[in-house]
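*Asks:* quick one, what's the 3D model for this:
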Amino acid sequence: MDPQPSETVGAADRQRSRLGRSIVQSQLLTSGSVLLLTWIVVLAQPSSLGAPLVFGGIVLIFITTGVALVVPWTVGNKAWAVLLPIVDIVALVGMRYGAPELGAGLLLVIPVLWLSRNFHLRGAIGGVALSTALIWLSWVLLGHPLTIGDFPSLVLLPITLIVVATTSYVGARRTSAQRVLLSQQAAIVKDAFDRARRQETLLDEIINAVEFGVIAFSNDGQVTLMNDAHKKSLIDLGAPRSAVIHPVAYQADRVTPYPEQSRPFTRATSGQSFDNLTFWAGAPGDRQVAYSVTSRHLSGLDGTSDGGVLVLRDVTAELDAIRARDSLIGSVSHELRSPLTSILGYLELALEDPTMDPETKHMIEISHRNSERLLALVTDLLLAASDADKTLPVHLRTTDVAEIVEQAVDAQKLAADERSITIHTEINHPAFATADPLRMRQVFDNLLTNATKYNSQGGEIFVALQKTETDLTVSVRDTGPGITEADQAQLFDRFFRTESARKSTAVGSGLGLSITRDLVRQHGGDLTFSSTPGVGSTFTITIPIESRQ
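*Replies:* Model (predicted):
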């Protein structure tokens, strides 16, 4: 990403400010040292200030300091700043030449350090070379013979300057490298911080965009995040402004509060994870809302616990729909039972007529049996739909399952003929097992009805019964469109209908297979299936010959 113009201008201003501050500070260090030396000379040896070179050197240094303070230093005129330490060196050498006893030559260390630090290798070499040349030139101009007393100023002082310049140059290089490294690290940290800020902003926007409530909490149970949907739910139900959870959580009856230790938030903060825990919020008699709560715990990068998150989904409409559905089914089942009971009564009266011819009596007997079965199915539907926790009553006795299968096949032939469907049977007689005849007939009727309703026009149904020493197996295979993989996982869910069933004209409630599997399992067996889209489906019932209950 390219820097913005304002950022570029700001960086240039900061660089210009640092450059000017560095030049002024370096020059002030030289002038401050000279000023201190001047005050010492005034106190100890005022006559030395009368030397023209000493006074001129002092004045020249202060003029140079004034120039450093006045000039607006930039990267463009930075090269001219090299004249400041050069002038300082000339002034200091002049002061040494005018009054050697003052020791002003020692102050040459300061401008040499400045040149080494700011102008790198060329500055270090140039500063030492200029200082040494001027020192030797001043000795030549004095015309004194070389003595051992000149050794410190002519040899040791240049060596000292060399050591100082080298140390300063190496230190400056190291400092520059560290500054570059720190700048790179700062850029990396800033980039990481910006990414984290963007991700945090994006996460906030996503969490606040969803319609379900989200609460995040730390290990000590303190809420660290709460999205807008949850805040709105608290406000809508009249919770206090300081509340982070609903003050009271009611159980399924909407009246009994959950004990504190059983409330979703308490369980979550105590370390529990759970799915779809339902509670009602809102005072009884007022508006109440049902929430389905899921709790998950979070882990840090090192695998340790890092708090957790609660997700609350409003399921009021779903629960109301289920209640309305069960009420409707109950009402319909109740209304169906009354006319069926009446029909059974009249059929029983008709069967008592001694003058009835055998053929008519046979048809009425079939109608009577089917009416009784229909009444039992309506009763079962009412029980299964209104309370999923209840099971249908099963009365086990020794039963010829092969005969029940044949009766179910005979009853289905009329519906199969209407769609030109052929039913093939392979049944071994007899096939006795401990079973409830009514319930097993209900199981086979349901499987054969499905195989007929959802089969292809002109298709086939294959019914096979096999027995072993311990089990009976009945399979019903059709040549219909089959069941998709997406639908197979929910096939036995109550009220679920496959996509092909919903698109077809066949009427169904989605309860048949669920009830059928429950009945088979109550017999100690199981109902399994296999299906290939475009080929067909096979449902297989396996029950024990002797009851395992």
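*Asks:* confirm T399 sits in a strand?
*Replies:* Yes - remark: T399 belongs to a strand, assigned using DSSP: H, G, I helix; E, B strand; the rest coil.
*Asks:* which ones are touching it?
*Replies:* The contact partners of T399, taken as CB atoms under 8 Å, 6 or more residues apart in numbering, are 432-437, 440. (Glycine included, C-beta is placed from N, CA and C.)
*Asks:* mind running it again at 7 Å?
*Replies:* 432-433, 435, 437, 440 (CB atoms under 7 Å, 6 or more residues apart in numbering).
*Asks:* reformat these as CSV; add neighbour count and secondary structure.
*Replies:* Below are these laid out as CSV (neighbours: other CB atoms under 10 Å; DSSP: H, G, I helix; E, B strand; the rest coil):
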residue, neighbour count, secondary structure
F432, 15, strand
A433, 24, strand
A435, 30, strand
P437, 17, helix
M440, 24, helix
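*Asks:* of the residues you listed, just say which sits nearest to R197.
*Replies:* Closest approach between those and R197, by CB to CB: M440, at 67.2 Å.
*Asks:* distance of the closest one from Y454?
*Replies:* Distance from M440 to Y454, counting by CB to CB, to the nearest Å: 22 Å.
*Asks:* got it, and P437?
*Replies:* From P437 over to Y454 the distance is 26 Å, taken as CB to CB.
*Asks:* what comes up buried for stretch 126-138?
*Replies:* Neighbour-count burial for stretch 126-138, with 16 or more other CB atoms under 10 Å as criterion, is recorded at 126-128, 130-132, 134-135, 138.
*Asks:* got the contact list for that stretch?
*Replies:* Contact with stretch 126-138 is made by 85-86, 89-90, 93, 96-97, 105, 108, 111-112, 115-116, 153-154, 157-158, 161-162, 165, as judged by CB under 7 Å, 6+ apart.
*Asks:* sec struct for the nearest residue to R521 once chain neighbours are set aside, please.
*Replies:* Nearest residue to R521 in three dimensions, chain neighbours excluded: L527, at 7.6 Å (CB to CB, 6 or more residues apart in numbering). Judged by three-state DSSP, the three-state class of L527 is strand.
*Asks:* tell me what L527 is bridged to.
*Replies:* L527 has these beta-bridge partners by DSSP bridges: I541.
*Asks:* out of the buried residues of stretch 126-138, name the ones that lie in strands.
*Replies:* Within the buried residues of stretch 126-138, no residue falls in strands by DSSP state E.
*Asks:* from those, which is closest to D306?
*Replies:* Nearest to D306 among the buried residues of stretch 126-138, with distances taken as CB to CB, is G127, at 58.3 Å.
*Asks:* excluding sequence neighbours, find me the nearest residue to that closest one.
*Replies:* Take G127 and drop its neighbours on the chain: the residue closest to it by CB to CB, 6+ apart is L115, 3.7 Å away.
*Asks:* now that neighbour: which helix or strand?
*Replies:* Assigned by DSSP states H and E, L115 belongs to helix 109-142.
*Asks:* quick one: the helix or strand just after that helix to chain centroid distance?
*Replies:* Next along the chain after helix 109-142, taking DSSP H and E as the criterion, comes helix 151. On the basis of CA atoms, centre = their mean, to the nearest Å, the separation between the geometric centre of helix 151 and that of its chain is 77 Å.
*Asks:* now do whichever helix or strand comes after helix 151 against helix 109-142, angle only.
*Replies:* Counting by DSSP H and E, the next helix or strand C-terminal to helix 151 is helix 157-209. For helix 157-209 against helix 109-142, the angle by axes from the mean of the first three to the mean of the last three CA atoms, to 10 degrees is 160 degrees.
*Asks:* from S176, how far out is the residue nearest the centre of the chain?
*Replies:* Central residue of the chain (CA atoms, centre = their mean): L203, 8.5 Å from the mean position. Distance, L203 to S176, by CB to CB: 40 Å.
*Asks:* give me the number of residues near W73?
*Replies:* For W73, the neighbour count with other CB atoms under 10 Å is 19.
*Asks:* adjust the sequence numbering to begin at 5 for everything that follows.
*Replies:* Taking 5 as the first residue, the last one we looked at is W77.
*Asks:* tell me which element the nearest residue to it once chain neighbours are set aside is part of?
*Replies:* With sequence-adjacent residues excluded and distances taken as CB to CB, 6+ apart, W77 is closest to G24, at 4.3 Å. Applying DSSP H and E as the criterion places G24 in helix 9-48.
*Asks:* ditto for A419
*Replies:* According to DSSP H and E, A419 maps onto helix 405-422.
*Asks:* low-scoring stretches of the stretch 405-553 of the chain, by residue?
*Replies:* The stretch 405-553 of the chain contains residues with pLDDT under 70 at 498-515, 551-553.
*Asks:* from R317, how far off is S277?
*Replies:* S277 sits 16 Å away from R317, going by CB to CB.
*Asks:* neighbour count winner among those two?
*Replies:* Taking neighbours as other CB under 10 Å, S277 and R317 compare with R317 leading, 17 against 11.
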